[in-house]
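*Asks:* sequence below, structure please.
(one chain, ligands or ions: 1)
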Amino acid sequence: MPNVTFSSPQMKKDLTVYAVAGDTKTLLAVAKANKVPVAFECENGECGSCQVEVSLLSNYRKIGTALTEKEKTVLRLSGKITAQQIADAETNDIPPPWRLACQMILRDEDVLVKF
Ligand code: FES
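*Replies:* Numbering: from 1, shown residues only. Alright, predicted model coming up:
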């Protein structure tokens with residue numbers, strides 16, 4: 001089960017919450033459920049307002065990273081991800097540094113989420 005640590009200048013201190021791996025809730029849903037002020041507008045992978053920087057905190061085996069087509073498009077347009085990073089995520093299980101919180105489904109990995 002992953003621990004998700006949220007960190008932001010908008011918060012008094014970092015907050016770590018316990019999430020359920022494989023749950024179909026998005027990272028944004030976990031943030032909202034815990035009153036973490038991650039920005040959002042569309043909640044549909046289109047506006048890009050929920051961009052967050054995600055890094056792995058554990059040395060678990062890397063797990064294949066699934067980015068939605070919307071996530072790839074929005075992150076490419078905003079310059080947060082390269083074609084190579086998308087290829088690395090899809091073929092080499094190397095997670096990209098930026099994600100859309102409304103599109104990202106948590107895996108069984110402890111992560112740090114900065115916004
Ligand atoms: S809230 Fe619009 S892309 Fe995530």
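*Asks:* could you use CA atoms for every contact and neighbour count after this?
*Replies:* Will do.
*Asks:* quick one: check stretch 106-115 for contact with the ligand.
*Replies:* No. Stretch 106-115 lies out of reach of the ligand by CA under 6 Å from any ligand atom, never closer than 12.7 Å.
*Asks:* strand partners (parallel or antiparallel) of whichever strand or helix holds V113?
*Replies:* According to DSSP states H and E, V113 maps onto strand 111-114. Sheet pairing here is set by DSSP bridges, and for strand 111-114 it gives strand 3-7 (parallel), strand 51-56 (antiparallel).
*Asks:* out of the ones you listed, the one nearest K70 is which?
*Replies:* With CA to CA as the criterion, K70 lies closest to strand 51-56 of the strands paired with strand 111-114, at 12.4 Å.
*Asks:* show me which positions of the closest one end up buried.
*Replies:* By 16 or more other CA atoms under 10 Å, the buried positions in strand 51-56 come out as Q51, V52, E53, V54, S55.
*Asks:* and the first one, what does it touch?
*Replies:* Contacts were defined as CA atoms under 8 Å, 6 or more residues apart in numbering; by that measure Q51 touches W98, R99, L100, A101, F115.
*Asks:* what's across from the first one in the sheet?
*Replies:* For W98, the beta-bridge assignment (DSSP bridges) gives partners E53.
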